[in-house]
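Undergrad: Dropping the sequence and predicted coords here.
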Amino acid sequence: MPACATSVPAPGAPHVLEADGIQLKLGNRVLLSDVYLRVQTGQVVGLLGRNGCGKSTLLQTVFGARPVADASVRVNGRRVVPAYRQLGLLNYLPQVPLLPSQLTVAAAARLLEVDAAAALRNFPELLAQKNQRAGELSGGTARLVEVLLLLHANTQFTLLDEPFTGVMPVHLETLAEVMSHLKTRKGLLLTDHRYEEVLALCDVVYLLHDGRLELLANPREGLRNRGYISG
Ligand SMILES: Nc1ncnc2c1ncn2[C@@H]1O[C@H](COP(=O)(O)OP(=O)(O)OP(=O)(O)O)[C@@H](O)[C@H]1O
């Protein structure tokens, strides 16, 4: 079905992205079972779960890169499947590197219509590398650049699969501050195994286990009770 125009919420109301009825089987294994997920502008939403439980698959499904029969993705109540076709709606950082190795940081920013100086301003050493090719950057630096460029792109929502991977602690703190600041104009959905960073940053936390997505009313306690964290 073609993408529909996004409906506009009432003045001052947030934009709402919902995924509903997501079911996915891999052979005999139910990977996703009737999953419902909601993100709104002004929120950072965290998606946690064990290795292989289906977090990346769920993000791909919301983005539209992985078609799932009968899945509904809605924005402000209107169906948008595949969501990536809706101009300005959302962008997505996969778990694997995003930027082609031959592309410079500055060229990638231009392609994404992002002001590189503004996107990298909290990280002076990144700004100094903006004319380098992505393939010449260290793994953690490349990840940070990708995350910052997608965050600063002009979309209502950004989906991030393991944005903190390889990023050093001092930069993680700054990155979390950037995300908190940017949520005033977009909604963020991220998954990562850095639970402490996710808990400190996120307004809403979901846990994916046994194919089911659970909204954690008290994330830290919920994770501790289920043996995901000890502290
Ligand atoms: N195209 C595919 N064909 C077969 N199995 C797949 C495919 N894609 C994913 N899987 C399987 O689906 C399961 C979920 O994978 P997924 O990458 O979504 O998990 P994840 O929760 O993101 O894991 P991690 O935390 O390790 O990144 C895994 O068991 C994986 O092997």
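TA: Nice, thanks for sending it over.
Undergrad: Hmm, T191 and L48 touching each other?
TA: Yes. The criterion here is Cβ atoms under 8 Å, and L48 meets it with T191 at 7.0 Å. In this view, the C-beta of every residue, glycine as well, is placed from N, C-alpha and C.
Undergrad: shared neighbours of the two, which are they?
TA: K55 (Cβ atoms under 8 Å, 6 or more residues apart in numbering).
Undergrad: Tell me which of the two has more neighbours.
TA: Neighbour totals were compared for L48 and T191, and L48 leads with 26 against 22 (other Cβ atoms under 10 Å).
Undergrad: With adjacent residues omitted, what lies nearest to the more buried one?
TA: Excluding the flanking residues, the one nearest L48 by Cβ to Cβ, 6 or more residues apart in numbering is L207, at 5.3 Å.
Undergrad: mind checking the SS state of that neighbour?
TA: With DSSP: H, G, I helix; E, B strand; the rest coil as the basis, L207 sits in strand.
Undergrad: how far away is it from the ligand?
TA: Here the criterion is Cβ to the nearest ligand atom, to the nearest Å. By it, L207 lies 11 Å from the ligand.
Undergrad: Tell me what that residue is bridged to.
TA: L48, E214 (DSSP bridges).
Undergrad: where's it relative to L58, distance?
TA: Going from L207 to L58 by Cβ to Cβ, to the nearest Å gives 12 Å.
Undergrad: higher neighbour count, those two?
TA: Shown here are L207 and L58; by other Cβ under 10 Å, L58 has more neighbours (28 against 20).
Undergrad: isn't the more buried one right up against L32?
TA: Yes. Contact criterion Cβ under 8 Å: L58 and L32 qualify, at 6.1 Å.
Undergrad: Now do the shared contacts for these two.
TA: Shared contacts of L58 and L32, defined by Cβ under 8 Å, 6+ apart, comprise 22, 208, 213.
Undergrad: And the nearest residue to the last one once chain neighbours are set aside, how far from the ligand?
TA: In space, not counting the residues next to it along the chain, L213 is nearest to V35; the distance is 4.5 Å by Cβ to Cβ, 6+ apart. Taking Cβ to the nearest ligand atom as the measure, V35 falls 12 Å from the ligand.
Undergrad: Direction included, what does the helix or strand hosting V35 pair up with?
TA: Assigned by DSSP states H and E, V35 belongs to strand 29-40. Each strand that pairs with strand 29-40, with its direction, by DSSP bridges: strand 16-26 (antiparallel).
Undergrad: Just the residues contacting the strand it pairs with, thanks.
TA: 9, 30-41, 54, 57-58, 61-62, 68-77, 83, 89-90, 156-157, 187, 189.
Undergrad: One more pass at 6 Å, please.
TA: Contact partners of strand 16-26, identified using Cβ atoms under 6 Å, 6 or more residues apart in numbering, comprise 31-32, 34-40, 61-62, 68, 70-76, 157.
Undergrad: cool, and stretch 93-104?
TA: With Cβ under 6 Å, 6+ apart as the test, stretch 93-104 has contacts from 56, 108, 131, 133-135, 146, 150, 160-162.
Undergrad: and the ligand, which of those reach it?
TA: S56 (Cβ under 6 Å from any ligand atom).
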